[in-house]
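> I'll drop the sequence and a predicted model, then ask my questions.
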Amino acid sequence: IFINIGMSAINSIMNLGEIWLLKLFIDSLTSGENLWTIIIIIVLYALAVKLHELLFNYVYQFEFPKASYAINRALTEDIMKKSVSIDMYCFDNTEFYDKYTEALAETSQRTFEVLDGMSSVVYSVISIIGLMSMIIAWEPIVFGLAILLMISNLIFVNRSNKAIYDRDMELTPYNRYMNYCKSTIFSRAVAKDLRLYPNISEYLKANFSKYMSMAQDIFTSKTKKLYFYSATKMIITCITEIILPLTYLAVRCLAGAITIGSVTALWESMKGVANTLSGFSYNYSQMKKSSLYIDNLRFILNYEPKIKTPEKYQPIPSEIGSIQFHNVYFRYNEESEYVLQDINITINSNEKVAFVGHNGAGKSTLIKLVLRLYDPTSGCITLNGTDIKNFNLNEYRNLFVTMFQDFSLFAVPVCVNVLGLSLIHI
């Protein structure tokens, strides 16, 4: 951050120096100054430009990449740590899952955009203060035109940001489903099924096209408002940035009130203000837009799981006597129907138990409740008579070896895949 801000300050000072040297150069030529004076100005300017260029290349080729790796690593580690503790309930909540997927997809990019935006804001503030100071010193009336230009540039920024964010969030579920259709058809895991049952691939392709059309309609309708903002801003800035200042400077110069060098410097200053404001508007809008996405990241990182180890937990018993369900009811959310109702089961040590039932009867749900992937809506589950909520969560889950129908084989060593061992302890 400090490197970014420092470079921004140097860049703004260099731009101010360039305008001042340009005025000095033109006034020296028009007033018939000694050739050596002009050459000294040229040499000083060239040295300043090249030293700045050398410093710029060093920072952006060496310092920025190191900082980027450090930030990316810290953020990714935090998200990875949080993601494995998020309750399974959250993946059934559409609003939460939309924020979750956006946070994962945008984390690194949006964070760097905010940092770049901060440095650009610093650059813009220093540049505008310097440019305005020179304008006031040379021609105070032009200062009023510059203020008018600032207002006309900034007036539409917040509305544009909000419109872009709303559009992107509305497109999120459509993009997710389209990605699912593509990844499924391209997946090696289901290649056999898609060839044996071509109706599935036809259904996925048809739905991909349908959702693509819907997403395109949303994008088009939302972008019309953004185009209106852009066109209105362009018309206003054309008047305040070009027509008014050039007309005023021409009148003053023809009246002999200011020199050609002053006209050039003032016009360059006005262009500098316009370009700086344009960059500021863009970077500020990007920073504001990115901050909306970072709010999703902050929401995920600040999420406190409901299923977790209690502050005061009981030790896992050395011998397992029984696992019991006591009047257990369960549903996945408040709007859905109960999957399990009034379940009372006792499973004793060394017993072999099979749950048999049709698809959707709740067999897998029973196992998920035992593993505390979910907690019962009402009732409780006990281990040796103690509510399983009172145990250390990881120690409790380590009692079980589980193989679901939709198991995953991870690209890790066999000992980790089969035994769940950590390589840190091997």
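Looks like it came in fine.

> and Tyr337, that one's in a helix?
Heads up, residue 337 is Glu, not Tyr. No - according to DSSP: H, G, I helix; E, B strand; the rest coil, Glu337 belongs to no helix; its state is coil.

> who's in contact with it?
Residues in contact with Glu337 (C-beta atoms under 8 Å, 6 or more residues apart in numbering) are Arg331. To be clear about C-beta, it is placed using only N, CA and C from the backbone, and glycine gets the same treatment.

> so what's Arg397 up against?
So Arg397 contacts 371-372 (C-beta under 8 Å, 6+ apart).

> go again using 10 Å as the cut-off
370-373, 388, 391, 420 (C-beta atoms under 10 Å, 6 or more residues apart in numbering).

> Show the buried residues in these.
370, 372-373, 388, 391 (16 or more other C-beta atoms under 10 Å).

> May I see the buried residues of the helix or strand harbouring Tyr180?
Here Tyr180 sits within helix 157-186, counting by DSSP states H and E. Buried residues in helix 157-186, counted by 16+ other C-beta under 10 Å: 157, 160-161, 163-165, 167-168, 171-172, 174-178, 181, 184.

> Mind checking what secondary structure Asp342 has?
Looking at Asp342 with three-state DSSP, the answer is strand.

> I'd like to know how many residues surround the spatially closest residue to it that is not a sequence neighbour.
With sequence-adjacent residues excluded and distances taken as C-beta to C-beta, 6 or more residues apart in numbering, Asp342 is closest to Asn327, at 5.8 Å. Neighbour count of Asn327, defined by other C-beta atoms under 10 Å: 12.

> do the one 3 residues further on as well
Phe330 is flanked by 20 other residues according to other C-beta under 10 Å.

> ok now do the closest residue to it other than its chain neighbours, which residues does it touch?
Once flanking residues are discounted, Phe330 sits nearest to Leu340: 4.4 Å by C-beta to C-beta, 6+ apart. Counting by C-beta under 10 Å, 6+ apart, Leu340 makes contact with 325, 328-331, 361-362, 365-366, 369, 376-377, 379.

> What about those residues, which one has the most neighbours?
Leu369 (23 neighbours).

> circling back to that earlier point, taking the contacts of Arg397 one by one, which sit in helices?
Val370 (DSSP state H).

> looking at this, Leu399 is in a strand?
No - Leu399 sits outside any strand when classified using three-state DSSP, being coil.

> And it, how far from Arg331?
26 Å (C-beta to C-beta, to the nearest Å).

> which parts of whichever strand or helix holds Tyr89 are buried?
Assessed by DSSP H and E, Tyr89 sits inside helix 88-91. Under the neighbour-count criterion of 16+ other C-beta under 10 Å, helix 88-91 has 89-90 buried.

> starting at the chain centroid, how far to it?
Relative to its chain's centre, helix 88-91 lies at 22 Å (C-alpha atoms, centre = their mean, to the nearest Å).

> Could you report the pLDDT at the closest residue to Leu55 other than its chain neighbours?
Using C-beta to C-beta, 6+ apart and skipping residues adjacent in sequence, the residue nearest Leu55 is Ile10, 7.0 Å away. On the pLDDT scale, Ile10 is placed at 73.

> quick one, strands of the stretch 301-426 of the chain?
322-330, 340-348, 378-383, 386-387 (DSSP state E, counting those that start in this stretch).

> pLDDT (mean, whole number) over the second one?
Okay, so that is strand 340-348. The model assigns strand 340-348 a mean pLDDT of 93.

> now the shortest one
pLDDT averaged over strand 386-387 equals 95, rounded to a whole number.

> in its sheet, what does that strand sit against?
strand 378-383 (antiparallel) (DSSP bridges).

> Buried residues of the strand it pairs with, list them for me.
379, 381-383.

> Check which helices and strands the helix holding Tyr89 is in contact with.
helix 94-138 (3 or more C-beta pairs under 10 Å, 6 or more residues apart in numbering; DSSP states H and E).

> so for the helix it packs on, what's the average pLDDT?
72.

> same question, stretch 219-227
83.

> hmm, who's touching that stretch?
Taking C-beta under 10 Å, 6+ apart as the rule, stretch 219-227 contacts 156, 159-160, 163-164, 166-168, 170-171, 174, 230.

> List the buried residues in that stretch.
Buried, per 16+ other C-beta under 10 Å, within stretch 219-227: Lys222.

> and if you look at stretch 265-282?
So for stretch 265-282, counting by 16+ other C-beta under 10 Å, buried means 265-270, 272-274, 276-278, 280-281.

> how near is Phe219 to Thr386?
55 Å.

> I should have written Gly32 there, sorry.
For Gly32 relative to Thr386 (C-beta to C-beta), the value is 99 Å.

> Neighbour count: those two, which is higher?
Thr386 (14 against 6).

> Show the contacting residues for the more buried one.
Counted by C-beta under 10 Å, 6+ apart, Thr386 has contacts 314-317, 380.

> Repeat that for Ser85.
303-305, 307-308, 393.

> Now a PyMOL select for only the buried ones of those.
To isolate the buried ones among those in PyMOL, judged by 16+ other C-beta under 10 Å, type:
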select buried, resi 303+393
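
> any chance of the contacts of Ser85 in TSV, with distance to Thr94 and pLDDT too?
Shown next, in TSV, are those (distance: C-beta to C-beta, whole Å; pLDDT from 0 to 100):
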residue	distance to Thr94	pLDDT
Tyr303	16	85
Glu304	20	87
Pro305	19	88
Ile307	20	89
Lys308	23	90
Leu393	26	91
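
> okay if I get the contacts of Ser85 as a markdown table plus distance to Tyr100?
Formatted as a markdown table, the contacts of Ser85 follow (distance: C-beta to C-beta, whole Å):
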| residue | distance to Tyr100 |
| --- | --- |
| Tyr303 | 9 |
| Glu304 | 15 |
| Pro305 | 13 |
| Ile307 | 16 |
| Lys308 | 18 |
| Leu393 | 21 |
